[in-house]
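Engineer: Make a model of this:
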Amino acid sequence: MGTPEFAVASLDILIQNNYNVVGVVTVPDKPAGRGQQLQQSAVKKYALEKGLHIMQPEKLKDESFINELKSLNADLQIVVAFRMLPEVVWNMPPLGTYNLHGSLLPKYRGAAPINWAVINGETESGVTTFKLKHEIDTGNMLFQAKTPITKTTTAGELHDSLMHVGADLILKTVKAIESGNVELKPQDDTQSIHAPKLFKETCKIDWNNPIEKIYNLIRGLSPYPTAYTEFEDKNRQRVGVKIYSSELEETNHSSNHGTVMSDGKTFMKVACANGYIYIKELQMAGKKRMSIEEFLRGFKMESDFRFL
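Structural biologist: I've put the predicted structure just below:
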């Protein structure tokens with residue numbers, strides 16, 4: 001059971017190791033893009049290529065879906081980046097339902113564990129396999145694998161790393177369950193950190209914040225959903241700017257926070273609480289993503305230019 005690219009690696013490793021995947025559950029096709037063409041999930045595309053049995057229920061408690069799932073007689077269910085399951089689903093297979101989560105549980109329970117680990121400046125992350133129960137991301141754990149987060153790691157880079165580490169952990173998990181070698185460990189709820197869904201207000205840069213916090217926010221939201229800021233154009237209209245990558249320079253200065261400085265050719269830096277953020281890649285509303293050099297070639301900056 002899964003939806004995005006992150007889940008495909010785990011499905012693929014099971015197929016490559018000759019496990020009998022009797023069914024794949026993913027989201028219904030959704031209209032997307034300008035033409036509102038129906039888009040298939042990454043998991044569905046892969047399952048079609050491999051000729052796997054695909055189910056796309058609108059509602060997970062739907063009687064016809066439940067009956068179809070039962071008829072497959074699966075021994076085990078594996079969940080990777082899907083949605084919350086009702087008990088009638090997760091309690092169905094005799095060996096249980098196991099979930100792969102993109103964090104070292106109980107840290108970063110919730111919808112956006114990879115983003116929040118980077119936003120909060122963590123130096124390591126990882127993946128956990130655990131057995132599903134009622135409360136989300138709280139089940140007893142089977143295995144964990146760790147991955148370092150460097151000072152420059154973005155959420156996108158961490159995602160790609162954990163996708164492959166997670167696939168290996170899924171294989172290890174399924175082999176352990178197959179051999180009956182399962183020792184589940186309870187999570188320590190006192191160590192829990194919440195990783196809530198990301199909303200637009202989460203992504204807005206506050207230039208009054210310490211430089212490290214702004215830098216980590218940009219890394220933790222890159223490439224998606226992306227940190228952003230705004231400025232006023234000459235018509236006093238607010239224009240949004242997404243920032244994909246940056247560098248930081250810690251220094252004492254007297255500039256107002258949000259003040260932008262540039263040579264008009266090679267660099268643009270923004271004043272914040274204890275230094276400057278150098279913007280390396282950005283995207284103006286309605287334009288393509290570009291390097292700062294490309295951007296400055298086509299953008300005339302007023303002397304009192306600042307981000308709000």
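Engineer: contacts, neighbours, all on C-alpha from now
Structural biologist: Noted.
Engineer: quick one: residue 302 is in a helix?
Structural biologist: No - per DSSP: H, G, I helix; E, B strand; the rest coil, residue 302 lies outside any helix segment and is coil.
Engineer: what's the neighbour count on residue 77?
Structural biologist: 23 (other Cα atoms under 10 Å).
Engineer: list the contacts for the closest residue to it other than its chain neighbours?
Structural biologist: Nearest non-adjacent residue to residue 77, counting by Cα to Cα, 6 or more residues apart in numbering: residue 97, 4.5 Å away. Residues in contact with residue 97 (Cα atoms under 8 Å, 6 or more residues apart in numbering) are 76, 77, 78, 79, 90, 91, 131, 132.
Engineer: what does residue 169 give?
Structural biologist: 127, 128, 129, 143, 144, 145.
Engineer: Unless I misread the structure, the fourth one falls within a strand.
Structural biologist: Yes - for residue 143, which was evaluated using three-state DSSP, the result is membership in a strand.
Engineer: ok, it to residue 291 distance?
Structural biologist: 41 Å (Cα to Cα, to the nearest Å).
Engineer: neighbour count winner among the two?
Structural biologist: Between residue 143 and residue 291, counting by other Cα under 10 Å, residue 143 is the more crowded of the two (20 against 16).
Engineer: Okay, that one and residue 135: tell me how far apart.
Structural biologist: With distances taken as Cα to Cα, residue 143 is found 19 Å from residue 135.
Engineer: got it, and residue 230?
Structural biologist: Remark: distance between residue 230 and residue 135 (Cα to Cα) = 39 Å.
Engineer: Who has more neighbours out of those two?
Structural biologist: Using other Cα under 10 Å as the criterion, residue 230 and residue 135 rank with residue 230 on top: 19 against 8.
Engineer: Quickly list what the more buried one is bridged to.
Structural biologist: When assigned by DSSP bridges, residue 230 has beta-bridge partners residue 240.
Engineer: how near is it to residue 159?
Structural biologist: Distance of residue 230 to residue 159, computed by Cα to Cα: 27 Å.
Engineer: Residue 240 too?
Structural biologist: In terms of Cα to Cα, residue 240 sits 26 Å off from residue 159.
Engineer: next one: residue 186
Structural biologist: Separation of residue 186 from residue 159 (Cα to Cα): 25 Å.
Engineer: can you check residue 129 too?
Structural biologist: When Cα to Cα is the yardstick, residue 129 and residue 159 sit 16 Å from each other.
Engineer: go on, residue 302?
Structural biologist: Distance, residue 302 to residue 159, using Cα to Cα: 38 Å.
Engineer: Compare those two and say which is more crowded by neighbours.
Structural biologist: The residue with more neighbours, out of residue 302 and residue 159, is residue 159; 19 against 10, by other Cα under 10 Å.
Engineer: Could you report the pLDDT at the more buried one?
Structural biologist: Looking at residue 159, its pLDDT reads 98.
Engineer: Please, which helix or strand holds the closest residue to it other than its chain neighbours?
Structural biologist: The shortest distance from residue 159 to any non-neighbouring residue, by Cα to Cα, 6+ apart, is to residue 114 (6.5 Å). Using DSSP states H and E, residue 114 falls within helix 113-119.
Engineer: Off-centre distance for that helix?
Structural biologist: Distance of helix 113-119 from the chain centroid (Cα atoms, centre = their mean, to the nearest Å) equals 8 Å.
Engineer: Please apply the same query to stretch 174-194.
Structural biologist: Relative to the centre of its chain, stretch 174-194 is centred 22 Å away, using Cα atoms, centre = their mean.
Engineer: end-to-end on that stretch?
Structural biologist: Stretch 174-194 has an end-to-end distance of 27 Å (criterion: Cα to Cα).
Engineer: Name the residues that touch that stretch?
Structural biologist: Stretch 174-194 is contacted by residues 95, 105-110, 130, 138-142 when judged by Cα under 8 Å, 6+ apart.
Engineer: Counting neighbours, which bits of it end up buried?
Structural biologist: 174, 177, 187, 193 (16 or more other Cα atoms under 10 Å).
Engineer: The stretch 151-300 of the chain: helices as residue ranges?
Structural biologist: 155-179, 200-203, 211-220, 292-298 (DSSP state H, counting those that start in this stretch).
Engineer: contact partners of the last one?
Structural biologist: Outside of helix 292-298, the residues that reach it under the criterion Cα under 8 Å, 6+ apart are 264, 265, 266, 267, 268, 279, 280, 281, 282.
Engineer: pLDDT score for the spatially closest residue to the third one that is not a sequence neighbour?
Structural biologist: Same thing as residue 266. Nearest residue to residue 266, sequence neighbours excluded (Cα to Cα, 6+ apart): residue 293, at 5.2 Å. Note on residue 293: pLDDT of 95.
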